[in-house]
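Peer 1: Below are the sequence and a predicted model; questions follow.
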Amino acid sequence: MIFSYNWISRYLDPGAGADEIAGRLTAAGLAVENSEPRGDDVLFDVDVTTNRPDCMNHVGLAREASTLLAQGLRFPDTTTDAADPAVGELARVVVEDGYGCPRYVALVVRGAKVGPSPGWLVEHLEAIGQRSINNIVDITNFVLWELGQPIHAFDLAKLAAGTIVVRRAREGERLTTLDEEDRQLDPKILVIADAERPVALAGIMGGFDSEVSDSTVDILIESAHFDPARVRSGAKALGLHTDASHRFERGADPDICRVAADRVAKLIAEIAGGQVQKGALDVRNEECDWQLAGHLSLERAVRFGGVDLDAADVVRWLTGVGFSMDQTAPGEWDVKVPTWRYYDMRPDPAKPISEPQGPVFEADFFEEILRLHGLEGIPSTLPAVGAPDQGFSTAHECRQTIRTHLAASGYVEAITFAFHEEVADQRYPALEKAGDVLRLANPLSELYVVMRRSLIPGLIGAAEFNQRRGCQAIRLFEIGHLFPGGDSTELEAVALIGGGQTDLPWDRAMPFDLFELKGVVESLGARFGVEIVAGSAELPGLVSGTSSQLHEATLTGPNMGFMGQLEDARSPYPLYVAELSTSSFSVDQVRPIELPSRYPGVEVDLTLTQSADTAWSEIAQTIRKAAVQDLVSFGLKDRYWGEGVPAGAVNTTICFLYNAADSSLTRDEVNERHEAMRKLLEQRFGWKGEV
């Protein structure tokens, strides 16, 4: 917004130059982005933030500058010589919507002569880019930019029965506004009407038929306060944005209405030769209260800002910008907020203006003090910590361990929305579905309507996003909360998705398959000392024969999750998914590091002819339970069907590693241990069918 240095200086004691004022305003949060000399004046381009409508005028900026520079502030003169008859004998005001218009002030000036404005008035307005129209309109614009209160001047003779009615527009009503546009009104829009028809849009723009013209003699001055939300919705509905609506939408000062009206009346009497009539029509909604107060502690302010503050300076700063302070103890004050800061400092903006707000947050006072102190004078120090750092929770440590392990396995973490479309909730399995799905009351779109009961749909979306951009391999994981529905509490899970080619420079390209995913899942369990096994199960959304339930320790152990290949024809290559509850993992279970034996180990293979229906997980479980001496590891090496193998059977080759911790094993010792293992496996799983 453009402001004039000469205009601001009207309200300040002489002394401060343009550069000094610009610098101090900028340091106090009212950034002067540019200073441009214009004749004997300097124009400031000030970035006034939306929460500071009190500074969208020259007196408001002068108030700030006077406090920052410790100069006197000269408020504009509003005294007038009023005459009979009183305003109440000439006009009438009726406010039907006391919440849309909590206050309406009307004054009357008779016998004014409309004409050109004096040079000083034209000069001030043109300096900030305002076009001079006539002396009456120019005065209302001058007071708007002087005090920040929008004012409208009606030709009293054009108001039916001399009446002002503040009400909602009626169905079918129209109004031609000052820009000569005919506008269809909506019943939600607040209007100013006379006894017969609308004559202005409340807080937005006046009407063409009631404007001041060269023939105007008697003027009704409107100075009102309108609800910001009502003005905002009306301006948006009509596609209008004016200087008045800009201020009302952000919260004008409700207590300046009479002062601004008196200022306009005084200037009209001086410039246009009119006579101000006695009194004023001042209609208020007594249910609305703009008084805010709170408590301020100097000790807490110092602790908050990390800078020493003098009590006298604090009082000077706050009282300088309008706050009232009543000392209750050394360094303690009860503070009243000026009405022009009501919308900025109210603690609960969601409450209507008719409801009491409660005490102002003390931090708002801290912010005001530090702003006026100057942020450049506050050292860059960290706040003191009142207690020792408690460190991370075990749940956090568990999540970090999962992240580290999966990242080391080649997976990249994804973060997706906690809600998705309902069809995705039905299409894929979930760790738990405890009740009706939780629906969003105000969804972003049809794609985000229910809270997720599985991480899989979100990861599928992330995978497809990457595939559409030519990604030839997918390795993603996510850790997040699930919402089983009903009255069940949230649970945490980790999910993985993978597919495509593994194409490393030092390795041949290999397709990602279910066994690679299974290996990562098993290695994650091993990282926490949890043995994960897969049991065949038919699950929705997964290809039959590939889907499995994941269990802990045995096939009858607790259900940890599921895995399998997705039934999704949209993917250019197969995608495999797994989802596990993190509740089975604990940092207390993390397997400690075991030093390897300093003696050489011996690897021995064993080929077992077994039934093709026997799962590898059963064989592996049997080997673990056998706990053969010095057997440190084993693994599946090969499975063969074909010539030389009986129908219905499979040759499974298993690799065993024997390694003693305190000596080198002899051939006889290895043969003894391995023979015991062979007999156990052949007795339990050896082929018993017809050869």
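Peer 2: It's in.
Peer 1: what residue is smack in the middle of this structure?
Peer 2: Against the mean C-alpha coordinate of the chain, by Cα atoms, centre = their mean, the closest residue is L444 at 14.3 Å.
Peer 1: gap between it and F483?
Peer 2: Separation of L444 from F483 (Cβ to Cβ, to the nearest Å): 17 Å. The way it works is simple: take the backbone N, C-alpha and C, and place the C-beta from them, glycine included.
Peer 1: where in the stretch 151-300 of the chain is pLDDT low?
Peer 2: Scanning the stretch 151-300 of the chain for pLDDT under 70 picks out no residues.
Peer 1: just the strands in it please.
Peer 2: Under the criterion DSSP state E, counting those that start in this stretch, the stretch 151-300 of the chain contains strands at 152-155, 163-168, 174-176, 182-184, 190-193, 198-201, 205-206, 219-225, 275-278, 281-284, 292-297.
Peer 1: for the fourth one, packing partners?
Peer 2: Spelled out, that is strand 182-184. Strand 182-184 makes packing contacts with strand 174-176 when contacts are defined by 3 or more Cβ pairs under 8 Å, 6 or more residues apart in numbering; DSSP states H and E.
Peer 1: Now the top helix by length along the chain - C-alpha only, PDB.
Peer 2: Secondary structure of the chain per DSSP state H: the longest helix is helix 667-685. Output of helix 667-685 as PDB, limited to C-alpha atoms (Å, rounded to 0.1, in the frame of the first residue of the first chain):
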ATOM      1  CA  ARG A 667      35.800 -84.700   9.000                       C
ATOM      2  CA  ASP A 668      34.400 -87.300  11.400                       C
ATOM      3  CA  GLU A 669      32.800 -84.700  13.600                       C
ATOM      4  CA  VAL A 670      31.100 -83.000  10.600                       C
ATOM      5  CA  ASN A 671      30.000 -86.400   9.200                       C
ATOM      6  CA  GLU A 672      28.500 -87.400  12.600                       C
ATOM      7  CA  ARG A 673      26.500 -84.200  12.900                       C
ATOM      8  CA  HIS A 674      25.400 -84.200   9.200                       C
ATOM      9  CA  GLU A 675      24.400 -87.800   9.300                       C
ATOM     10  CA  ALA A 676      22.100 -87.100  12.300                       C
ATOM     11  CA  MET A 677      20.500 -84.300  10.400                       C
ATOM     12  CA  ARG A 678      20.100 -86.500   7.200                       C
ATOM     13  CA  LYS A 679      18.300 -89.200   9.200                       C
ATOM     14  CA  LEU A 680      16.000 -86.800  10.900                       C
ATOM     15  CA  LEU A 681      14.900 -85.100   7.700                       C
ATOM     16  CA  GLU A 682      14.500 -88.400   5.700                       C
ATOM     17  CA  GLN A 683      12.500 -89.900   8.600                       C
ATOM     18  CA  ARG A 684      10.300 -86.900   8.800                       C
ATOM     19  CA  PHE A 685      10.000 -85.700   5.100                       C
END
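Peer 1: How far off centre is it?
Peer 2: Relative to its chain's centre, helix 667-685 lies at 65 Å (Cα atoms, centre = their mean, to the nearest Å).
Peer 1: Check stretch 402-410 too.
Peer 2: 31 Å.
Peer 1: And for stretch 310-320?
Peer 2: Computed by Cα atoms, centre = their mean, the chain-centroid distance of stretch 310-320 equals 34 Å.
Peer 1: So what touches it?
Peer 2: The contact list for stretch 310-320 (Cβ atoms under 8 Å, 6 or more residues apart in numbering) reads 63, 66-67, 70, 296, 298, 301, 325, 330-331, 333, 335, 365, 368-369, 372-373.
Peer 1: ok so, going back, any chance of the strands of the stretch 151-300 of the chain in CSV, with mean neighbour count and distance to L267 too?
Peer 2: Output for the strands of the stretch 151-300 of the chain, formatted as CSV (neighbours: other Cβ atoms under 10 Å; distance: least, Cβ to Cβ, whole Å):
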stretch, mean neighbour count, distance to L267
strand 152-155, 24, 11
strand 163-168, 20, 21
strand 174-176, 17, 28
strand 182-184, 14, 30
strand 190-193, 26, 22
strand 198-201, 26, 21
strand 205-206, 24, 18
strand 219-225, 27, 10
strand 275-278, 20, 11
strand 281-284, 18, 20
strand 292-297, 19, 31
